[in-house]
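K.L.:
Give me the fold of what follows.
(chains A and B, ligands or ions: 1)
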Amino acid sequence: MEMYIDPHLHAVSRTTDDYEAMRKAGVVAIIEPAFWLGQPRTEVGSFKDYFSTLVGWERFRAKQFGIVHYCTIGLNSKEANNEALAEEVMELLPLYATKEGVVAIGEIGYDDQTAAEDKYYRLQLELAKEVELPVLIHTPHRDKKKGTTRSMDVSEEHGLPPHMVIVDHNNEETVKEVLDRGYWAAFTIYPHTKMGSNRMVEIVKKYGPERIIVDSAADWGISDPLAVPKTAALMRKHGIPEEHIRMTCYQNALTAYSQSGQMDESDWLNPEPIDQRLKHAGNSVLRGGQTPRVEGPSDYVEN
Amino acid sequence: MSAHNVTEQAKDYLIELLSHQAESDSMNWLKSQCKEINNSAKAMKLFLAFGKASKYFDKSTLRLNHAQAKEAEKIRKGFTPSAWDKLQTARTVLILSFPQQDEGLWFKTMNQLFETGDMQELKSLYAALPIYPFQDKLTDRAIEGLRTNMTLVFDAVALDNPYPSEYFDERAWNQMLLKAVFMQRPLFLIQNADQRSNENLASILIDFAHEKWAAGRNVMPELWRYVAPFLDDSRLKDIEKVLNSADMLEKQAALLACHQSSFPKAKAYLSKYPAIQKDIEAGIINWESIGKSFAETLIKN
Ligand SMILES: [Zn+2]
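P.N.:
I've put the predicted structure just below:
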């Protein structure tokens, strides 16, 4: 069975049906970047609870369906524009950035490309350096090409090496420069707007699999949590070599984000037993070999 | 023994345990962090070290020999770190290093850790309840921990932990037991369970069993342990129902409950199952063996 990683998915807004379908389609791990909620938050406590959800409940929930959950922590560009609140969120970030399973600072960058966005983008680049984490950049939907260039320029101004930075939401117009400058180029397969599977196939044909990452960015909008496996299937249909599919839909994300020291293939290939207590009592649900399976029936709560 | 003493002793004990089972580089990091946390009393120092500990310690289970387990018990009655992993042990050492002279500061700092903790961190935080200072002021926190749906966190409070049996009132205790049954946790790891059994709990559990039966499901066999001291004519009908079930573990559990009951009619059932009776009397069948066997049925298939 093929294995996929969806390195950009906002699981808080998805149902368990999605988790089940993803697992069935071969998704073994997801990364949930901290983002906004479709409407701006007004209190720092909302951020705190959201970050706690990412590192706590969502991780647990994903595990129930055999999917390993990682996240990125950051103040998104939209909400950076509420400066008083942004200050308070910045104080919160170091607390979460160092937690287990936090694989990057992100998604950060520009939305309207305001001065406030610029300020907090830079501060978070510094934070990423301090905690030695990769950075996930959210490139703006409007004025994308310039915004993408600027994101990389500023990152370099702060001394971050391109291999530590994943630039997301690329399209045909931005991909060349991002790759040429040595960055990871992620593509969000999002119905209607960002990128469709067919266009993705063409990009992989043209640029090859090196440093290209496919993700769904599925969230509360019209989006598809199966975008990664579906795009892989389409690539297969179009005769793209299996190795290229593996790189763009699995390995590149793993290589990029495992630079955090917080993500490892063994997390899903040789999962820790879910139930330490049962292991302690002499039994283990640990299953070796290449069957990625994390859940144990003992962990289902009957309702 | 004062709480401060317990905290200090527990810290030294855990450092000693870890030092034989972790890399010396990791231990050096831990010790230097402890010193800084203790001297500076800055919450942020503790927060960062608490998070970063995962880079230095893995989640493999501690190995405790018999003498070490006994020593834990001597430091604090019921203190059972035998199921702890190395990472949580290191995190506990960090917490115990935070100054306790200023009670307000200690609670403020701890509350922040509890409020921002990830799953593994919460597990560490709750499992260490019995060796914290200010024991009598932690009850609400412990109860809060049981409200979670995360098994790991629930277990940290409920299992291998003397805190609930010592500090919970009957209502909170019964809620914990019922939820443990509901989540099918290994009840035999709940400390002082027999001492805290009560009539209300027995009746809540029987109601729960009836609900499950009505839905065509079984209940976990360990449940009958808490009904045993309160068997009467009506509850004996439920026992009879369990005895007539095909499941061997359930049968064992029902008979063990009869064995422990002082109700004469209950005792009478035992003689009808001489083989099981023999094993019960020999101590081969006990609540732990039943709990473990049941856990195995959960992880099979
Ligand atoms: Zn996103």
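
K.L.:
distance between stretch A:147-157 and the chain's centre?
P.N.:
Distance of stretch A:147-157 from its chain centroid, counting by Cα atoms, centre = their mean, to the nearest Å, is 20 Å.

K.L.:
Mind listing what's buried along it?
P.N.:
Using 16 or more other Cβ atoms under 10 Å in any protein chain shown as the test for burial, stretch A:147-157 gives A:Gly147, A:Thr148, A:Arg150, A:Ser151, A:Met152, A:Val154, A:Ser155. (Each C-beta comes from the backbone N, C-alpha and C, glycine too.)

K.L.:
List the contacts of residue 200.
P.N.:
I went with chain A, as the question did not name one. Residues in contact with A:Met200 (Cβ atoms under 8 Å, 6 or more residues apart in numbering or on different chains) are A:Phe187, A:Ile189, A:Val214, A:Thr231, A:Leu234, A:Met235.

K.L.:
look at chain B instead
P.N.:
B:Glu170, B:Asn174.

K.L.:
let's see it at 10 Å
P.N.:
By Cβ atoms under 10 Å, 6 or more residues apart in numbering or on different chains, the contact list for B:Asn200 reads B:Glu170, B:Arg171, B:Trp173, B:Asn174, B:Phe230.

K.L.:
Can you give me the neighbour number for the residue in the stretch 151-300 of chain B that chain A sits nearest to?
P.N.:
The stretch 151-300 of chain B approaches chain A most closely through B:Leu298 (3.9 Å), counting by Cβ to the nearest Cβ. Using other Cβ atoms under 10 Å in any protein chain shown, B:Leu298 has 19 neighbouring residues.

K.L.:
low-confidence ranges in the stretch 1-150 of chain B?
P.N.:
B:1-4 (pLDDT under 70).

K.L.:
Up against chain A, what does it have?
P.N.:
Neighbours of chain A within the stretch 1-150 of chain B, by Cβ under 10 Å from any Cβ of the partner chain: B:43-44, B:47-55, B:58-61, B:82-85, B:87-88, B:112-113, B:115-123, B:148-150.

K.L.:
Can I have the buried ones of the residues you listed as a PyMOL selection?
P.N.:
To isolate the buried subset of the residues of the stretch 1-150 of chain B next to chain A in PyMOL, counting by 16+ other Cβ under 10 Å, use the following:
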select buried, chain B and resi 43+47+48+49+50+51+52+53+54+61+83+84+85+87+88+112+113+116+117+118+119+120+121+122+123+148+150
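
K.L.:
Next step: the residues of the stretch 1-150 of chain B next to chain A restricted to helices.
P.N.:
B:43-44, B:47-52, B:87-88, B:112-113, B:115-116, B:119-123 (DSSP state H).

K.L.:
Okay, buried residues for the lengthiest helix in chain A please.
P.N.:
When chain A is parsed with DSSP H, its longest helix is helix A:115-131. Within helix A:115-131, the residues that qualify as buried are A:Glu117, A:Asp118, A:Tyr120, A:Tyr121, A:Leu123, A:Gln124, A:Leu125, A:Leu127, A:Ala128, A:Val131, counting by 16+ other Cβ under 10 Å.

K.L.:
now it against helix B:43-52, angle please.
P.N.:
Angle, helix A:115-131 to helix B:43-52, by axes from the mean of the first three to the mean of the last three Cα atoms, to 10 degrees: 70 degrees.

K.L.:
if you look at the very next helix or strand once past helix A:115-131, does any of it touch the ion?
P.N.:
Next in sequence after helix A:115-131, counting helices and strands by DSSP states H and E, comes strand A:135-138. No: Strand A:135-138 lies out of reach of the ion by Cβ under 5 Å from the ion, never closer than 6.3 Å.

K.L.:
sorry, back to before: keep only those of the buried residues of stretch A:147-157 that are in helices.
P.N.:
Secondary structure of those is defined by DSSP H; positions in helices are A:Gly147, A:Thr148, A:Arg150, A:Ser151, A:Met152, A:Val154, A:Ser155.

K.L.:
Need these in JSON lines (columns: distance to B:Gln260).
P.N.:
Shown next, in JSON lines, are those (distance: Cβ to Cβ, whole Å):
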{"residue": "A:Gly147", "distance to B:Gln260": "72"}
{"residue": "A:Thr148", "distance to B:Gln260": "71"}
{"residue": "A:Arg150", "distance to B:Gln260": "74"}
{"residue": "A:Ser151", "distance to B:Gln260": "69"}
{"residue": "A:Met152", "distance to B:Gln260": "71"}
{"residue": "A:Val154", "distance to B:Gln260": "71"}
{"residue": "A:Ser155", "distance to B:Gln260": "68"}
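
K.L.:
who touches B:Glu71 in this structure?
P.N.:
For B:Glu71, counting by Cβ under 10 Å, 6+ apart, the contacting residues are B:Gln9, B:Tyr13, B:Glu16, B:Leu17, B:Leu64, B:Asn65, B:Phe79.

K.L.:
Which pair of the residues you listed spans the longest distance?
P.N.:
B:Gln9 and B:Asn65 (18.5 Å; Cβ to Cβ).

K.L.:
Tell me which of the two has more neighbours.
P.N.:
B:Gln9 (19 against 9).

K.L.:
can I assume that one sits in a strand?
P.N.:
No: counting by DSSP: H, G, I helix; E, B strand; the rest coil, B:Gln9 is located in no strand; its state is helix.

K.L.:
list the contacts for it?
P.N.:
B:Met1, B:Glu71, B:Ala72, B:Lys74, B:Ile75, B:Arg76, B:Phe79, B:Leu96, B:Ile131.

K.L.:
One more pass at 8 Å, please.
P.N.:
Under the criterion of Cβ under 8 Å, 6+ apart, the neighbours of B:Gln9 are B:Ile75.

K.L.:
Closest to chain B out of the buried residues of stretch A:147-157?
P.N.:
Closest to chain B out of those is A:Ser155 (24.1 Å), distances taken as Cβ to the nearest Cβ.

K.L.:
so what pLDDT did the closest one get?
P.N.:
pLDDT for A:Ser155: 98.

K.L.:
pretty sure it is touching A:Leu125, no?
P.N.:
Yes: the pair A:Ser155 / A:Leu125 is scored as a contact, 6.0 Å apart, by Cβ atoms under 8 Å.
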